[in-house]
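[1] My questions are about this predicted structure, shown below with the sequence.
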Amino acid sequence: MPAQHSNHDVVVIGGGPGGYAAALYGASAGLNVAIVERDKVGGTCLHRGCVPAKEFLETAHVHRTLRHAGDFGFTTGQITTDFAVSQQRKQAVVDGLFKGLSGLLAGRKVTVVTGTGRLRADRTVEIVDGDDAGSILTAPSVVLAAGSVPRTLPGFEVDAKLVYTSDEFLDLSVLPTSAAVIGGGAIGCEFASMLADMGVAVTVLEALPSILVGCDTDVAAVAQRAFKKKGIDIRTNAKVTGHVPSASGTSITLEGSDPVAVDCVIVSVGRRPCTDGLLEEGTGVVLDARGFVVADPLMRTGAPGVYAVGDLVAGTPQLAHVGFAEAIVAIKDILNEPAVPVDYDRVPWAIYSDPEIAFCGLTEAVARERGYDVVVKKDPFAGNSRARIIGDTDGVVKVIAERRADGTAGQLLGVHMAGPWVTEQLGAGYYAVNWEATAEEAAALIQPHPSLSETFGETLLALAGRGLHVA
C-alpha cells in the first residue's frame, strides 16, 4: 500500500490493456509509474472480454472438430459437453495470464494502487474508494485509461438469469438450450457462433439492415451464409421493444414481428466509456456528447500533461491492441521522443467467429466513397490445398488497391479475409497496407506451400496482373 501522498513520473488511471501497456512501456524507459486499478490489472480484456471469450470459442472449435472426426476415419460416440469444465479451463487461462501480468508490473517496479482513481482539477489523482482510498498521487503526466463497460437497452435490465451482457455470460457454467443475441456486430457474432457450435438454438436480432456492419460486404456475406448453415436465425431490421419473462425463459417483443421465445438474452449493443466520476470539475479534459474523452493524435487531452488511451478515447476503435499502440504513443510523447500517431484507418481487426474474419484498411465501399478508383481481386479458400487438408474451405481473401492511370493496381488500400485461421494470417496484409506497398511489391513475398496464407499470396499475384491459379 502506497503512502497517503506519493510522487511519480506518470500516474495511469485504469489497468486494462491501454493502462498496463502505458505502465510497462513507461517503466521500461526508467519512469517511476503508478497504476490505479479498482479490480484486477488486465481489465475487461483479460477478465471479462477478449481472453475468456476466445477461450470459449476455442472450446467450440474443439466441439466442431469432434463432430467431424468421422471425415478423418475416427469413430466417436455421442458428444456430451460439461461446460463447467470449460468454465474452469477458461478461468485457469485467465488466472495464469493475470499472475504473469502482475509479475511483469512488479518486476518493472510499477506501483499498483487499488481503488477508483479520479483526476482532480489540480492534476493530482485521488483514490476515492478501495484498499487505498484517500491516497493522493502526484505526477507531471497522467494517463487516463479507465476503459469501457457494455451498453444495455431500456427494458432489458441485466439480472444474470434471463438477461446478460458479455460480463455475466462469460461466467456461465451451464449452457442454455436457446438464446437470443441482440446485436449483430463483432461481439454478438462471436457469441452467436460459439453457442451455435455448442448446440444452442440461436437467434440474432440486429436493428440495422445487415450483420457485421463495417466489414467489407463480401466478407460479411461469407459469415452470414456460414451462420445460416449452423442454423442461426438472423433477423435484420429487428427493433426490440422489451421482453416478457415466463417460467421457462422469456419472450422478446419486436416491433411489427412475432415475439421470440428463448431461455435467455445476451445484449451486445456496444460499449460506453467509464468516464462517470473520472474527472473533477475544472480539469480541462474535454468529453464529447457521448462521454468519450477527446484526444489529439498524440493522445493528449485538453489538459496539459494529461493523456487518454484505450476504449474511452473518442472516435477510435475499441480494440485492445489499439490501446497498446496508443499507450506507446502517449509514453513516447511524455519522454519527448518522436511518436507516430495511430492510423485508425489501417488498424487490424479480428473477429473470432466461425468463420473467422480479419481485415485492415478500407473496404471497397469506403474506398469508392472517398473517391478512389480501385482494382479488386478475390480468391476463395476452396482452391487452397491446406484448407482442403483441414476440411475448412468456406472463405475468401479480398484485396483492394488504387487503380493507376494505366489501369494496373497500385498502392494497397485494404485486405479483407473470412475463413480458417485468418486472424493469424492478417499480419502480412497489415504490413503491406500500413507500409503503403503496391500490389507488385506485396506479391513478391513468397508464401509457404501448402499453407492457408497462399490464398493471400495468390490474390496479390492476380491483382498485380499475372495470377498463377487465380485469373
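    Structure's in. What do you need?
[2] and the residue most central in space within the chain, what does it touch?
    A centroid search over the chain (CA atoms, centre = their mean) returns L319, at 4.4 Å, as the residue closest to the centre. By CB atoms under 8 Å, 6 or more residues apart in numbering, the contact list for L319 reads V347, W349. From N, CA and C alone the C-beta is placed, and that goes for glycine too.
[3] mind listing the strands for the stretch 251-400 of the chain?
    Assigned by DSSP state E, counting those that start in this stretch, the strands in the stretch 251-400 of the chain fall at 257-262, 264-267, 271-273, 306-308, 349-351, 356-361, 374-380, 396-403.
[4] So which of these is nearest A238?
    strand 257-262 (6.9 Å; CB to CB).
[5] average pLDDT across the closest one?
    What strand 257-262 shows for mean pLDDT is 95.
[6] and that strand, what does it pack onto?
    Strand 257-262 makes packing contacts with strand 178-182, strand 201-205, strand 249-254 when contacts are defined by 3 or more CB pairs under 8 Å, 6 or more residues apart in numbering; DSSP states H and E.
[7] Now do the longest one against strand 178-182, angle only.
    Yep, that's strand 249-254 we're talking about. 40 degrees (axes from the mean of the first three to the mean of the last three CA atoms, to 10 degrees).
[8] Test my guess that D171 contacts K90.
    No - contact criterion CB atoms under 8 Å: D171 and K90 do not qualify, at 9.3 Å.
[9] Comparing these two, which residue is more hemmed in?
    The residue with more neighbours, out of D171 and K90, is K90; 21 against 13, by other CB atoms under 10 Å.
[10] Which element is encountered next along the chain beyond the top strand by length along the chain?
    Longest strand in the chain by number of residues (criterion: DSSP state E): strand 409-419. Using DSSP states H and E, the helix or strand that follows strand 409-419 in sequence is helix 426-434.
[11] What is the neighbour count of P140?
    13.
[12] again but with A350, I slipped
    A350 is flanked by 19 other residues according to other CB under 10 Å.
[13] hey, what's it bridged with?
    In this entry, A350 is beta-bridged to A358, by DSSP bridges.
[14] Tell me how far it lies from L452.
    Here A350 is placed at a distance of 15 Å from L452 (CB to CB, to the nearest Å).
[15] swap in T283?
    In terms of CB to CB, T283 sits 49 Å off from L452.
[16] residue ranges for the strands of the stretch 1-150 of the chain, please.
    Remark: strands assigned in the stretch 1-150 of the chain by DSSP E, counting those that start in this stretch are 5-7, 10-13, 33-37, 111-114, 117-119, 125-127, 136-138, 141-144, 148-150.
[17] For A358, which of those is the nearest?
    That would be strand 148-150 among the strands of the stretch 1-150 of the chain, by CB to CB, at 22.3 Å.
[18] Within its sheet, name the partner strands of the next helix or strand after that closest one and how each one runs.
    Tracing the chain past strand 148-150, the next element assigned as helix or strand by DSSP H and E is strand 163-164. According to DSSP bridges, strand 163-164 forms sheet pairs with strand 264-267 (parallel).
[19] got the end-to-end distance for stretch 130-141?
    End-to-end distance of stretch 130-141 (CA to CA, to the nearest Å): 23 Å.
[20] Can you list the buried residues in that stretch?
    Buried residues in stretch 130-141, defined by neighbour count with 16 or more other CB atoms under 10 Å: G130, D132, S135, I136, L137, A139, S141.
[21] Stretch 222-238 too?
    Buried residues in stretch 222-238, counted by 16+ other CB under 10 Å: V222, A223, Q224, A226, F227, I232, I234, R235, A238.
[22] Let me see the residues that make contact with that stretch.
    184, 189, 192-193, 196-197, 201-212, 215, 254, 257, 260, 353-355, 357, 394-396, 418-419.
[23] Also stretch 118-136?
    1-6, 11, 13, 36, 38, 113-117, 137-139, 142, 144, 277-283, 285, 303, 305-306.
[24] re the thing from before, which one of the strands of the stretch 251-400 of the chain lies closest to K109?
    Closest approach to K109 among these is made by strand 306-308 (21.0 Å; CB to CB).
[25] so what secondary structure elements neighbour that closest one?
    The contact analysis (3+ CB pairs under 8 Å, 6+ apart) places strand 306-308 against strand 141-144, helix 320-334.
[26] hmm, try it at 7 Å
    Where contact means 3 or more CB pairs under 7 Å, 6 or more residues apart in numbering; DSSP states H and E, strand 306-308 is packed against strand 141-144.
[27] start to end distance for stretch 356-370?
    27 Å.
[28] Stretch 352-363 now?
    Chord length of stretch 352-363, first to last residue, is 19 Å (CA to CA).
[29] tell me how far it is from the chain's mean position?
    Centre-to-centre, stretch 352-363 and its host chain are 11 Å apart (CA atoms, centre = their mean, to the nearest Å).
[30] And the contacts of that stretch?
    Stretch 352-363 has contacts (CB atoms under 7 Å, 6 or more residues apart in numbering) with 54, 57, 64, 189-190, 193, 197, 215-216, 219, 222-223, 226, 345-351, 394-395, 400, 413-423, 425-426, 429-430, 433.
[31] Domain ranges for the protein, per the record?
    With domains defined by automatic domain parsing, the chain comprises 5-149+272-344, 163-269, 355-463.
[32] what distance separates stretch 129-137 from the middle of the whole chain?
    Averaged C-alpha coordinates place stretch 129-137 at 31 Å from its chain's average position (CA atoms, centre = their mean).
[33] avg pLDDT for it?
    94.
[34] now do stretch 167-187
    Averaging pLDDT along stretch 167-187 gives 95.
[35] ok, back up a step: among the buried residues of stretch 222-238, which ones are in helices?
    Of the buried residues of stretch 222-238, the ones assigned to helices by DSSP state H are V222, A223, Q224, A226, F227.
[36] List the contacts of the nearest residue to the first one once chain neighbours are set aside.
    It refers to V222. Nearest residue to V222 in three dimensions, chain neighbours excluded: A418, at 4.0 Å (CB to CB, 6 or more residues apart in numbering). Contacts for A418 (CB under 7 Å, 6+ apart) come out as V219, V222, A223, P355, I357, G395, V396.
[37] Against L362, how distant is A418?
    Using CB to CB, A418 is found at 17 Å from L362.
[38] before we move on, what about D296?
    D296 sits 23 Å away from L362, going by CB to CB.
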